[in-house]
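K.L.:
Just need the structure, nothing else, for what follows:
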Amino acid sequence: MSKTSDIAPDPELCNGPAHVAIIMDGNGRWAKLRGRPRLFGHHAGVKRVREVIKAAPHLGIEYLTVFAFSTENWKRTQAEVAGLMSLFRRYIAHEARALDAENVRVRFIGDRVKLDAKLVGLMDELEELTRDNTRVNLTIALNYGGRDEVARATQRLAEEVAAGRLKPEDVDEETLPRFLDTHVLPDPDLVIRTSGEARISNFLLWQSAYAEYEFVDTLWPDFSAQELEDLCRKFGTRDRRFGAVPK
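P.N.:
Prediction:
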């Protein structure tokens with residue numbers, strides 16, 4: 001099967017974000033407004049993921065990271081968690097060929113220990129299937145928490161120090177990122193949260209130190225490619241100084 005070729009980004013978006021990270025919030029409320037169970041909203045949210053992935057190359061987005069399930073989401077009802085895990089398995093199984101055909105490389109971040117073996121196996125298979133794809137780098141945060149990620153990274157770093165492969169005095173802010181789940185990814189330029197909530201919910205805490213943030217009222221199942229484009233254009237107007245002063 002031939003794969004989708006690279007799509008030239010809109011030249012008007014040359015100053016847009018190369019890496020967009022999204023906290024996909026509002027599925028449950030979207031469903032409740034329609035008198036439907038929360039899982040109905042999660043299923044609707046999957047469609048938005050497809051739309052955003054397809055829109056990314058035109059917008060100049062090379063890396064797209066989406067927050068699918070947090071380490072705190074285990075606190076939800078057993079029925080909702082079970083439904084989400086089933087949805088993740090079906091999404092990977094059903095979308096694998098399409099993602100590969102669209103030349104999308106898929107990675108997963110988060111702690112896989114608590115996930116069931118079948119889901120982890122599907123994750124591994126999708127990563128392997130798409131490992132050579134280049135059009136869009138899609139990262140799915142599944143059982144992910146920023147504090148948990150930093151804690152796991154610190155543990156691995158401490159093991160390196162204890163084994164004598166790393167000196168304590170050589171540990172600096174360039175060292176820890178090598179042990180993060182995202183060590184092969186650039187930091188996000190733009191973080192978007194939908195649904196009107198203005199908090200980052202333990203997402204990419206280290207990586208987003210200098211990201212631009214957008215908190216939008218749209219519930220995730222209603223979030224469109226056009227709204228993403230508008231936010232990318234707005235990003236292009238920002239003066240990102242990274243702590244420096246303009247000359």
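
K.L.:
Show me the shaky parts of this protein.
P.N.:
1-2, 5-14, 241-247 (pLDDT under 70).

K.L.:
Strands of that one, start to end?
P.N.:
19-23, 63-70, 104-109, 136-144, 190-193, 212-215 (DSSP state E).

K.L.:
Determine the longest helix present in this structure.
P.N.:
helix 78-101 (DSSP state H).

K.L.:
now what about that one, what contacts it?
P.N.:
Here helix 78-101 makes contact (Cβ atoms under 8 Å, 6 or more residues apart in numbering) with 1-4, 38-39, 42-43, 46, 50, 53, 68-69, 73-74, 76, 106, 115-116, 118-119, 122-123, 125-126, 129-130, 133, 138, 142. In short, each C-beta sits where N, CA and C put it, glycine included.

K.L.:
picking that back up, so which of the strands of the chain gets nearest E229?
P.N.:
Of all the strands of the chain, strand 19-23 sits nearest to E229, with 11.1 Å by Cβ to Cβ.

K.L.:
Give the pairing partners of that closest one; include direction for each.
P.N.:
In its sheet, strand 19-23 lies beside strand 63-70 (parallel), strand 190-193 (parallel), with partners assigned from DSSP bridges.

K.L.:
How far off centre is it?
P.N.:
Strand 19-23 has its C-alpha centroid displaced from the chain centroid by 6 Å (Cα atoms, centre = their mean, to the nearest Å).

K.L.:
contacts for that strand?
P.N.:
Residues outside strand 19-23 that contact it (Cβ under 8 Å, 6+ apart): 52, 56, 61-67, 185-194, 200-201, 203-204, 207-208, 211, 228, 232.
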